[in-house]
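>>> 3D, please:
(one chain, ligands or ions: 2)
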Amino acid sequence: MTTILDVQQLFVHFSTSGKVIRAVDGIDISIKRSETLAIIGESGSGKSVLGLALLGLLPANCTVDGIVQYRGADLLTLPENELEMIRGSKIAWVPQNPAGAMNPSMTVGSQIGEPISLHVEKNRTTVRKKVLELLQFIRITPPEERIDSYPYSFSGGMLQRSLIAMGIAGLPELLIADEPTKGIDIMNKQAVSALLQILRKKGITLLVITHDLAFARNLADRIAVMYSGRIMEIRERKSFFDGPLHPYARGMLRSLPENGLHPISGRTRESDKYDGGCRFRFRCTYAIERCKVEPPLIALPEGAAVRCWLYD
Ligand SMILES: Nc1ncnc2c1ncn2[C@@H]1O[C@H](COP(=O)(O)OP(=O)(O)OP(=O)(O)O)[C@@H](O)[C@H]1O
Ligand SMILES: [Mg+2]
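Ligands and ions are numbered 1, 2, ... in the order given. From the prediction side, this is the model:
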């Protein structure tokens, strides 16, 4: 499979109140065409910042460094107008928090229609027809009644699905969705999962950011585990869930209800306290002297990799 997006040595550092927060701290990851890659990791590990960085959507109080290679261009150095064309038409972003992401003063239909009229079709009647089709596709029915509704009248799950519809309206080849199942009930989770499955089968490349392991397990081809701004493990989905390698990843799975709810003890160190060692070693039951030096991402067979000396 060809690579659609290639991220090399990506760093995003925020400067706030005299501290430097190393939200993303040297990420290398490539996404293959038509694959679904799930990025999992605890709160604050840098998942959203990574997603936002890929599309140049970060606020001004940070420095971004690295390369994000897409179709022969580095997205990090593209002029804003060219990036604007790629956002929505080629790569779409579905943000975390659907309620805050929609404009409350515009109808849902006109918001879903915006990327269509920007990137696909100008004729207003055709745009409306396409929006109706999308509403039907995301099971918001009857579409003729819902198209002119405002976001306040939608449930969280309906808003989440509408955001996905907005994302795919411009016919992107890559959809990046940040926590698409967060804060919605089980029925809506299943609906979002089914919707993304359909997109996956249509060949759209998906980068899904989530801390919902069951959701990742259902959907993804590969799993990347993030911890403290770093990738700790990248594996094929089945091998990962059959036997995660990194002690952090093992701990994540052990903390699931079906595995006995054993939480990982300790807390993540603040990123300004990094000392050049493995960032997980203070919480790791396998930590040895050698872990005072941070391991690289160690390549394993079948494209897998793990950042832990246990596998050196
Ligand atoms: N605008 C910002 N200014 C300063 N620090 C920020 C900003 N945005 C994010 N951060 C910091 O960057 C780190 C990574 O945040 P991020 O939102 O990417 O985490 P996350 O993995 O998406 O967490 P969650 O699962 O809770 O969504 C955190 O320490 C966060 O406080
Ligand atoms: Mg997030």
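>>> and the nearest residue to residue 89 once chain neighbours are set aside, what is it in contact with?
Nearest-residue entry for residue 89: residue 119, 3.8 Å, with adjacent residues in sequence omitted and distances by C-beta to C-beta, 6 or more residues apart in numbering. No exception for glycine: its C-beta is placed from N, CA and C like everyone else's. The neighbours of residue 119, taking C-beta atoms under 8 Å, 6 or more residues apart in numbering as the test, are 85, 88-89, 170-171.
>>> which of those fall within strands?
Counting by DSSP state E, the contacts of residue 119 place none of their members in strands.
>>> re earlier: distance of the residue nearest to residue 89 relative to ligand 2?
Separation of residue 119 from ligand 2 (C-beta to the ion, to the nearest Å): 26 Å.
>>> which SSE is immediately downstream of the helix or strand hosting residue 188?
Using DSSP states H and E, residue 188 sits within helix 186-201. Once the chain leaves helix 186-201, the next helix or strand it forms, by DSSP H and E, is strand 205-209.
>>> distance check, residue 257 against residue 305.
According to C-beta to C-beta, to the nearest Å, residue 257 stands 29 Å off from residue 305.
>>> those two: which has the busier surroundings?
Neighbour totals were compared for residue 257 and residue 305, and residue 305 leads with 20 against 7 (other C-beta atoms under 10 Å).
>>> now list the buried members of the contacts of residue 119.
88-89, 170 (16 or more other C-beta atoms under 10 Å).
>>> quick revisit: filter the contacts of residue 119 down to the ones close to ligand 2.
For ligand 2, no contacts are drawn from those by C-beta under 5 Å from the ion.
>>> nearest to residue 201, of those residues?
residue 171 (15.7 Å; C-beta to C-beta).
>>> the nearest residue to that closest one once chain neighbours are set aside: what's it in contact with?
In space, and not counting its chain neighbours, residue 171 is closest to residue 120: 6.1 Å by C-beta to C-beta, 6+ apart. Each residue near residue 120 by C-beta under 8 Å, 6+ apart is listed here: 89, 130, 169-171.
>>> widest-spaced pair of those?
89 and 130 (14.3 Å).
>>> now, which of the buried ones among the contacts of residue 119 sits nearest ligand 1?
Distances from ligand 1 to the buried ones among the contacts of residue 119, taken as C-beta to the nearest ligand atom, are shortest for residue 88 (21.7 Å).
>>> was I right about that closest one contacting residue 172?
Yes - Residue 88 lies in contact with residue 172 (C-beta atoms under 8 Å); the separation is 7.0 Å.
>>> does whichever residue of the stretch 101-250 of the chain sits closest to ligand 1 count as helix, strand or coil?
Here the residue of the stretch 101-250 of the chain nearest ligand 1 is residue 211; by C-beta to the nearest ligand atom that distance is 5.3 Å. Following DSSP: H, G, I helix; E, B strand; the rest coil, residue 211 is assigned to coil.
>>> for residue 8, see how far away the closest residue to ligand 2 within the stretch 51-200 of the chain is.
Among the residues of the stretch 51-200 of the chain, residue 96 lies closest to ligand 2, at 5.0 Å counting by C-beta to the ion. According to C-beta to C-beta, residue 96 stands 25 Å off from residue 8.
>>> so these two - more neighbours on which side?
Neighbours were counted for residue 96 and for residue 8 using other C-beta under 10 Å; residue 96 has more, 19 against 14.
>>> ok so the more buried one is a strand residue?
No - under three-state DSSP, residue 96 falls outside any strand and is assigned coil.
>>> that one: what's it in contact with?
Residues near residue 96 by C-beta under 8 Å, 6+ apart: 48, 178-179, 182, 209.
>>> near ligand 2 too, which of these?
Okay, of those touching ligand 2 (C-beta under 5 Å from the ion), that's residue 48.
>>> among the contacts of residue 96, name the buried ones.
Here, 16+ other C-beta under 10 Å leaves 48, 178-179, 182, 209 buried among the contacts of residue 96.
>>> ok, so of the residues you listed, who is nearest residue 39?
Checking these against residue 39 by C-beta to C-beta gives residue 209 as the nearest, at 4.9 Å.
>>> would you map the strands across the stretch 151-300 of the chain?
Using DSSP state E, counting those that start in this stretch, the strands of the stretch 151-300 of the chain run over residues 174-178, 205-209, 222-227, 230-236, 298-299.
>>> quick one: the fourth one to strand 222-227, angle?
Direction vectors for strand 230-236 and strand 222-227, defined by axes from the mean of the first three to the mean of the last three C-alpha atoms, to 10 degrees, enclose an angle of 160 degrees.
>>> need the phi and psi values for the nearest residue to residue 95 once chain neighbours are set aside.
Nearest in space to residue 95, with sequence neighbours left out and distances taken as C-beta to C-beta, 6+ apart, is residue 101 at 4.5 Å. Main-chain torsions, residue 101, degrees, to the nearest 10: phi -90, psi -20.
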